[in-house]
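Undergrad: A structural model of the following input is requested.
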Amino acid sequence: MAHGRWNGRKPFITVLYVVAVCSGVPVSDLLDRASQHSDKLHSLSTTLTHEIDSHLTPIGRMLMPRPSACHTSSLQTPSDKEQALQVSESELLSLARSLLQAWVDPLVVLSSSANTLPHPAQSKIINKIQELQEHSKNLGDGLNILSGKMDPATQTISSLPYRGGNDIGQDKTSKLIKFQFLLSCFRRDSHKIDSFLKVLRCRAAKLQPHLC
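TA: Down below sits the predicted model:
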């Protein structure tokens with residue numbers, strides 16, 4: 001469903017891409033827009049994880065896999081803002097793009113699985129997952145434009161394939177656990193993306209590190 005909607009918008013997105021590149025939109029403006037989308041991504045994922053967690057049993061929380069089991073955990077990233085400030089602009093953008101790309105397939109799994117999720121706010125969750133996909137797609141388009149304006153090293157994207165399959169489980173508990181686990185991994189990564197973009201925006205504005 002989500003792919004169909006986006007396929008219909010590809011010509012429009014392509015036009016936006018060409019216009020943005022040719023019109024010489026400043027990098028600082030592109031970073032501002034990207035940060036707005038990354039803010040929304042993290043906010044939505046946080047809201048969703050809280051929504052699901054409220055319906056998990058204590059046993060369900062105990063059975064939740066550790067964050068190290070997230071499919072993006074193999075990617076070496078700065079652990080905090082201080083470390084991020086020591087990383088080059090090209091590497092930060094490459095890391096953000098790698099993380100975002102790694103979530104294309106898992107977000108499809110979340111979107112298709114939401115229809116069978118045993119949760120009283122199912123329709124609300126479905127809508128928010130679709131919003132996640134939309135903001136993720138818009139952010140990806142924006143970062144593609146940014147990478148074309150920055151160092152060629154930003155074109156490098158690490159491959160982080162998702163091998164979790166499309167099945168989130170058969171019984172109520174396993175469905176909620178896997179759905180929540182995927183969301184919690186996405187929330188963690190969306191926070192990283194948002195932090196990296198804020199550091200890039202800070203540097204583009206030529207602010208002192210302690211103000212970032």
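Undergrad: so where's this protein shaky on pLDDT?
TA: Filtered on pLDDT under 70, the chain yields the residue ranges 1-24, 153-154, 208-212.
Undergrad: can you show me the strands along it?
TA: Counting by DSSP state E, no segments of the chain form strands.
Undergrad: regarding it, what is its longest helix?
TA: helix 172-204 (DSSP state H).
Undergrad: could you name the helices and strands sitting against that one?
TA: The contact analysis (3 or more Cβ pairs under 8 Å, 6 or more residues apart in numbering; DSSP states H and E) places helix 172-204 against helix 27-53, helix 58-62, helix 81-84, helix 89-102, helix 104-113. Every residue, glycine included, has its C-beta placed from N, CA and C.
Undergrad: list the helices and strands the third one packs on?
TA: Counting contacts by 3+ Cβ pairs under 8 Å, 6+ apart, the secondary-structure elements packed against helix 81-84 are helix 172-204.
Undergrad: buried residues in the helix it packs on?
TA: With burial defined by 16 or more other Cβ atoms under 10 Å, the residues of helix 172-204 counted as buried are 175-190, 192-204.
Undergrad: by how many degrees do the longest helix of the chain and helix 104-113 diverge?
TA: 140 degrees (axes from the mean of the first three to the mean of the last three Cα atoms, to 10 degrees).
Undergrad: thinking again about what came up before, who wins for proximity to Pro152 among the helices and strands packed on helix 172-204?
TA: helix 89-102 (8.0 Å; Cβ to Cβ).
Undergrad: follow-up on the earlier one: can I get the helices and strands packed on helix 172-204 in a markdown table with mean neighbour count and distance to His135?
TA: Shown next, in a markdown table, are those (neighbours: other Cβ atoms under 10 Å; distance: least, Cβ to Cβ, whole Å):
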| stretch | mean neighbour count | distance to His135 |
| --- | --- | --- |
| helix 27-53 | 19 | 5 |
| helix 58-62 | 11 | 28 |
| helix 81-84 | 14 | 22 |
| helix 89-102 | 21 | 10 |
| helix 104-113 | 18 | 10 |
